[in-house]
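[1] Would you be able to build a 3D model of this:
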Amino acid sequence: MARTLGGRLARLRGPALAALAAAAIVAAARPAQAAEPRGSFEARVGLLRFDYEERDPLTNAFLDGEEGFVPAVTVAGELRLDRFFTRAMLRFAKGSVDYDGHVQSSDPNFDGLPLRTTTDASFLQGELEAGGFVDPGERVALFAAFGARRWGRDIQGALATGRNGAQASIAGLSETYTWYELQAGVRWTFLSLPRTSWDVEARLVRTFGANISVDLSPFGGPSSLDMGLGSRTGWRVGSTLRQDLGRGALFLVATLWAEGYAFGRSDVNTTFGILEPDSSTVNAALELGLGAHF
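    Numbers count the residues shown, from 1 in each chain. From the prediction side, this is the model:
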């Protein structure tokens with residue numbers, strides 16, 4: 001009986017080995033299980049330093065400008081899959097800044113006089129970003145982004161003293177700027193620890209589709225006069241530190257960033273004989289917040 005059983009095992013050895021080999025080939029050929037997506041979400045509050053100026057397109061002489069600090073709120077999220085990632089960001093800031101300019105009047109007693117007042121400013125900014133890591137350690141990333149922005153500028157009226165000593169109330173002016181951005185950048189995480197990450201980034205930013213809408217109703221004109229603005233290439237740099245809180249999903253985040261962008265002058269509006277001059281802006285901000293991994 002032992003001989004019979006041995007014979008059966010011998011006869012089964014070939015098919016068994018073939019089955020095992022086939023199973024090994026199937027297992028090897030089976031695609032690796034897809035990596036699970038990883039994500040994070042964060043909310044930050046901060047202070048935006050706004051510095052804007054307009055200059056004469058012919059002489060480059062200073063025409064007017066605004067500067068000051070504005071509170072800001074930012075929410076952002078990221079989703080990673082293997083070496084690829086997408087990010088979304090939304091920022092809102094609103095506050096009062098100082099205005100330094102000149103009176104524009106048909107009365108030669110006031111026209112061209114220095115004028116100081118304040119401006120109620122609001123900023124809305126949104127971005128979508130996509131990119132990938134170029135190294136296995138996910139320290140260096142290249143990315144592109146699309147942005148849309150809106151800036152509301154409500155210059156307050158003021159009392160001016162003319163060259164003859166007479167005083168007059170100077171009306172304010174409301175303007176709304178809207179534009180889009182195309183961005184290309186690189187991000188380097190120079191510190192990567194189990195609970196801590198710290199990165200720096202740099203971007204080139206190209207504005208396009210810029211438009212200014214001016215409310216001329218206080219001066220007898222339309223409530224919305226639109227003029228297109230020229231595109232320019234700007235920049236943005238930043239650095240972000242994230243620190244996990246214990247073994248949970250929460251983390252602290254601190255971001256410092258600065259940017260510069262500009263617009264070319266508009267064409268002359270022949271109906272009212274006005275144009276929007278060349279302008280440039282430099283912003284900087286510090287934001288602190290709380291985030292969570294998921």
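[2] who's in contact with Phe41?
    Contacts for Phe41 were tallied using C-beta atoms under 8 Å, 6 or more residues apart in numbering; they are Val75, Ala76, Gly77, Glu78, Gly291, Ala292, Phe294. Using the backbone N, CA and C atoms, a C-beta is placed for each residue, glycine as well.
[3] of all the residues you listed, which comes closest to Arg265?
    Nearest to Arg265, judged by C-beta to C-beta, of the contacts of Phe41 is Ala76 at 33.8 Å.
[4] all helices of the chain, in order?
    For the chain, helices defined by DSSP state H occupy the ranges 2-29.
[5] Show me the beta-bridge partners of the most centrally placed residue in it.
    For the chain, Glu127 is the residue whose C-alpha lies nearest the centre (C-alpha atoms, centre = their mean; 5.4 Å). In this entry, Glu127 is beta-bridged to Met89, Gly147, by DSSP bridges.
[6] Mind listing what's buried along stretch 56-72?
    Leu63, Asp64, Gly65, Glu66, Gly68, Val70, Ala72 (16 or more other C-beta atoms under 10 Å).
[7] tell me the mean pLDDT over that stretch?
    Stretch 56-72 comes out with an average pLDDT of 92.
[8] Just give me how far that stretch sits from the chain centre.
    Computed by C-alpha atoms, centre = their mean, to the nearest Å, the separation of stretch 56-72 from the middle of its chain amounts to 21 Å.
[9] now stretch 104-112
    With C-alpha atoms, centre = their mean, you get 39 Å for stretch 104-112.
[10] end to end, how far does it reach?
    One end of stretch 104-112 sits 6 Å from the other (C-alpha to C-alpha, to the nearest Å).
[11] Just the residues contacting that stretch, thanks.
    Residues contacting stretch 104-112 (C-beta under 8 Å, 6+ apart): His102, Val103, Ala160, Gly162, Arg163, Asn164, Ala166, Ala168, Ile170.
[12] nearest to Ala184, of these?
    His102 (38.1 Å).
[13] Bridge partners for that closest one, pull those for me.
    In beta-bridge terms (that is, DSSP bridges), His102 pairs with Pro114.
[14] Tell me how far it lies from Ser197.
    If you measure His102 against Ser197 using C-beta to C-beta, to the nearest Å, the figure is 48 Å.
[15] What average pLDDT does stretch 266-279 get?
    For stretch 266-279, the mean per-residue pLDDT is 92.
[16] So which bits of it are buried?
    By 16+ other C-beta under 10 Å, the buried positions in stretch 266-279 come out as Ser266, Asn269, Glu276, Pro277, Asp278, Ser279.
[17] Off-centre distance for that stretch?
    Distance of stretch 266-279 from the chain centroid (C-alpha atoms, centre = their mean) equals 28 Å.
[18] What is the least confident helix or strand in this protein?
    When the helices and strands of the chain are compared on mean pLDDT, DSSP states H and E, helix 2-29 comes out lowest with a mean of 41.
[19] quick one: the strands in the stretch 101-250 of the chain?
    With strands called from DSSP state E, counting those that start in this stretch, the stretch 101-250 of the chain shows them at 114-133, 140-155, 158-161, 167-170, 173-192, 196-215, 225-228, 233-244, 250-263.
[20] Give me the contacts around stretch 261-277.
    54-57, 63, 177, 179, 181, 205, 207, 210, 212, 214, 216, 221, 225, 227-232, 234, 278-281.
[21] now do stretch 64-76
    Applying C-beta under 8 Å, 6+ apart, the contact partners of stretch 64-76 are 41-54, 87-102, 119, 121, 123, 153, 255, 285, 287, 289.
[22] Could you list which of those belong to strands?
    41-54, 87-102, 119, 121, 123, 153, 255, 285, 287, 289 (DSSP state E).
[23] measure Asp154 to Thr196 for me?
    Asp154 sits at a distance of 43 Å from Thr196 (criterion: C-beta to C-beta).
[24] same thing with Leu115?
    Per C-beta to C-beta, Leu115 is found 50 Å from Thr196.
[25] now Gly95
    Separation of Gly95 from Thr196 (C-beta to C-beta): 33 Å.
[26] higher neighbour count, those two?
    Comparing Gly95 with Thr196 by other C-beta atoms under 10 Å, the one with more neighbours is Gly95, at 17 against 12.
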